[in-house]
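Asker: Sequence first, then the predicted structure, then my questions.
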Amino acid sequence: MNKTARKYRPNLSTLMNLCEVNYMLMLKILADKEQVGEQRCFSISDFLSYTISVNEVTRYTSLVTISQDANFLIGLMSQYVDNGNPQTANTLEQILRPKMVIRLYHDARMAEVISNQDIQQVKPRYDYPNAVMHLPDEKQQINAFLKEWLQLCYQLGQVQISLSSSD
């Protein structure tokens, strides 16, 4: 029996659909007026919030970072620092505070994850198995995860707005 392994081929229509949905959700969250340095914090619960930061805005693209902040980690991190192990605290923080960098393509109306935590540049496909054990469809998985984050922020997130009093 001669078995040949079939190479994974990305499903472009599914990936493009995800990127279009992510763009639409991102525009709703950013209120379609992103400016460099702007930050929005979406509080989901007492223990979980997301911060969206605008890093770059050009004519056709924008670069945005979204990160998850788990507020219960502050006590946990300080325990490791107090015990003289800041390396463990940094590793825990990286694992438990995930972040993604997203490129918004305004002309194509798509948003795509370009880096995710330990992946500096997300490839369209990975051979499997590989040294870091990325899935063959890692890019699609990451963009689907972004969609879930954005839906959570849009549906349940509460944005703190500062009100100025005018007399």
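Answerer: Arrived safely.

Asker: Residues in contact with stretch 139-146: which ones?
Answerer: The list of residues contacting stretch 139-146 from outside it, by Cβ atoms under 8 Å, 6 or more residues apart in numbering, reads 10-11, 14-15, 18-19, 22, 66, 100, 102, 111-113, 116, 119, 122-125, 135. In short, each C-beta sits where N, CA and C put it, glycine included.

Asker: same question, stretch 48-63
Answerer: Contact partners of stretch 48-63, identified using Cβ under 8 Å, 6+ apart, comprise 29-30, 34-44, 64-71, 101-107, 149, 152-153, 157.

Asker: hmm, which of the residues you listed are the buried ones?
Answerer: Buried residues within the contacts of stretch 48-63, counting neighbours by 16 or more other Cβ atoms under 10 Å: 29-30, 34, 40, 42-44, 64, 66-69, 101-104, 149, 153, 157.

Asker: ok so, going back, of the contacts of stretch 48-63, which belong to strands?
Answerer: 39-43, 64-70, 101-105 (DSSP state E).

Asker: Determine which residue lies closest to the centroid of this protein.
Answerer: Centroid-nearest residue in the chain: Met100, 3.2 Å away (criterion: Cα atoms, centre = their mean).

Asker: Quick check: that one vs Pro129, distance?
Answerer: Distance, Met100 to Pro129, using Cβ to Cβ, to the nearest Å: 24 Å.

Asker: ditto for Thr51
Answerer: Taking Cβ to Cβ, one finds Thr51 at 34 Å from Pro129.

Asker: Next: Arg97.
Answerer: Taken as Cβ to Cβ, the span from Arg97 to Pro129 is 27 Å.

Asker: Those two: which has the busier surroundings?
Answerer: Between Arg97 and Pro129, counted using other Cβ atoms under 10 Å, the more crowded position is Arg97 (15 against 9).

Asker: Any figure for the gap between the more buried one and Tyr60?
Answerer: 31 Å.

Asker: Over to Leu18?
Answerer: 20 Å.

Asker: Neighbour count for the two, which is higher?
Answerer: Between Leu18 and Tyr60, counted using other Cβ under 10 Å, the more crowded position is Leu18 (24 against 9).

Asker: So the more buried one: helix, strand or coil?
Answerer: helix (DSSP: H, G, I helix; E, B strand; the rest coil).
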